[in-house]
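**Q** This is a predicted model, with the sequence first.
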Amino acid sequence: MSPNANANNTADAAAATTTATMPSFAKPTLLQSTALGGASAVFAVNFTHPIELVKSRVQISQQGIMHTCSATFRNEGLMAFWKGLPFAYFREGSNTAIRLGAYAPVRDAMGANAPGAPVYLKFVAGALTGAVGSMAGNPFDVLKTLAQINRGKSVPAFELVGRMY
């Protein structure tokens, strides 16, 4: 037997041992799944929020991206790119938590994950969780956009709610 063959056998044995000792994890509950989905979205919004602020302001002002970025930074400072972030947390915490977190448990409860189940059940599960998530997140999305397009000093939440209704 060559030294390479012996090394391959040792590597194969190590891989088999590693695979055999991997822990198995239980499926998360509906509440755990929803919380994990929401937490991941809330974390991600910290990085995507400045991009969305610029997008919202470009749509309203009809100026270019570079002009909007430089004007926002020059007139309002760096932290202006995170205006409306608390509303974005609530939006993502509700909308995405329900869409991502509730899909698998709802799909499984409907029997859509069973072998031979019709595909339309997965579609219905996705449509149901997506609709509920959108309804839960929409008010926060409106408040977030109102806060983002406000130039100058931040507006208190109760005033933004008053503008919304």
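**A** Arrived safely.
**Q** Just the strands from this structure, written as ranges.
**A** Counting by DSSP state E, the chain forms no strands at all.
**Q** What is the least confident helix or strand in it?
**A** helix 3-20 (a mean of 54; mean pLDDT, DSSP states H and E).
**Q** where do the helices sit along this structure?
**A** Remark: helices assigned in the chain by DSSP state H are 3-20, 30-61, 65-76, 85-91, 102-109, 119-149, 157-164.
**Q** OK, contacts around the closest residue to residue 154 other than its chain neighbours?
**A** Distance criterion C-beta to C-beta, 6 or more residues apart in numbering; nearest residue to residue 154, sequence neighbours excluded, is residue 83 at 6.3 Å. Heads up, the C-betas are built off the backbone N, CA and C, glycines and all. For residue 83, the contact set (C-beta atoms under 8 Å, 6 or more residues apart in numbering) comprises 53, 76, 147-148, 150, 154.
**Q** Centre-most residue in this structure?
**A** Nearest residue to the geometric centre of the chain (C-alpha atoms, centre = their mean): residue 41, 2.9 Å.
**Q** Give the PyMOL command for selecting the buried subset of the contacts of residue 83.
**A** In PyMOL, this line selects whichever of these come out buried by 16 or more other C-beta atoms under 10 Å:
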select buried, resi 53+76+147+148+150
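**Q** so which of the contacts of residue 83 comes closest to residue 87?
**A** residue 147 (5.9 Å; C-beta to C-beta).
**Q** Contacts only, for that closest one.
**A** 83-84, 87, 154-155, 160.
**Q** Look up how far residue 131 lies from the residue nearest to residue 33 when sequence neighbours are not counted.
**A** Spatial nearest neighbour of residue 33, excluding adjacent residues (C-beta to C-beta, 6+ apart): residue 101 at 4.4 Å. Going from residue 101 to residue 131 by C-beta to C-beta, to the nearest Å gives 15 Å.
**Q** ok, now residue 51?
**A** 26 Å.
**Q** same deal with residue 25?
**A** Taking C-beta to C-beta, one finds residue 25 at 30 Å from residue 131.
**Q** Of those two, give the one with the bigger neighbour count.
**A** Set side by side, residue 25 and residue 131 show more neighbours around residue 131, with 12 against 6, by other C-beta atoms under 10 Å.
**Q** Just the pLDDT for that one.
**A** The per-residue pLDDT reported for residue 131 equals 95.
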